[in-house]
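Visitor: pasting the sequence and the predicted coordinates here, then a few questions.
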Amino acid sequence: MAYLGRYYADKIRGAADLAIFRADKNRRENRQDALCHFTNAVKEWEAYARVATSQYKPQLFSRCHYMDWWKILEEVKKEVELAK
């Protein structure tokens, strides 16, 4: 769960820095910080996925549909590209 918490912390920090950059394009350091946070979020998700898949198989849940940690990683990586 610590990996998941760190993943969300990086996503929130990245979103905040990206919002600052979008509001003021002169603050390029915030864009770089956002990219760094989103990249760290990918690493945290990879660590989380390694642990989760060692204990659980991808499966169908009634509320959140199909849960496959490695497929979700593809979406996490797209966030880095969107921030670029």
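Guide: Nice, I can see it. Numbers count the residues shown, from 1 in each chain.
Visitor: in this protein, which helix or strand is least confident?
Guide: strand 59-61 (a mean of 68; mean pLDDT, DSSP states H and E).
Visitor: distance of the spatially most distant residue from the centre of the chain relative to E79?
Guide: What lies farthest from the middle of the chain is N26; by C-alpha atoms, centre = their mean that is 25.2 Å. N26 is 24 Å from E79, where distance means C-beta to C-beta, to the nearest Å. In this view, the C-beta of every residue, glycine as well, is placed from N, C-alpha and C.
Visitor: before we move on, what about Q32?
Guide: 16 Å.
Visitor: okay, those two: which has more neighbours?
Guide: Neighbours were counted for Q32 and for E79 using other C-beta atoms under 10 Å; E79 has more, 17 against 12.
Visitor: just give the closest residue to H37, not the sequence neighbours.
Guide: G14 (3.4 Å; C-beta to C-beta, 6 or more residues apart in numbering).
Visitor: list the contacts for R22?
Guide: By C-beta atoms under 8 Å, 6 or more residues apart in numbering, the contact set of R22 is empty.
Visitor: what is the burial count for the closest residue in space to E79 that isn't next to it in sequence?
Guide: Of all residues beyond its chain neighbours, the one nearest E79 is F38 (5.4 Å), with distances taken as C-beta to C-beta, 6+ apart. As a burial measure, F38 scores 25 neighbours (other C-beta under 10 Å).
Visitor: pLDDT weak spots in the protein?
Guide: 59-64 (pLDDT under 70).
Visitor: what helix or strand is D17 located in?
Guide: helix 2-23 (DSSP states H and E).
Visitor: that helix: what's the following helix or strand?
Guide: Heading C-terminal from helix 2-23 (DSSP H and E), you reach helix 28-55.
Visitor: and that next one, what's buried?
Guide: 30-31, 33-35, 37-42, 44-46, 48-49, 52 (16 or more other C-beta atoms under 10 Å).
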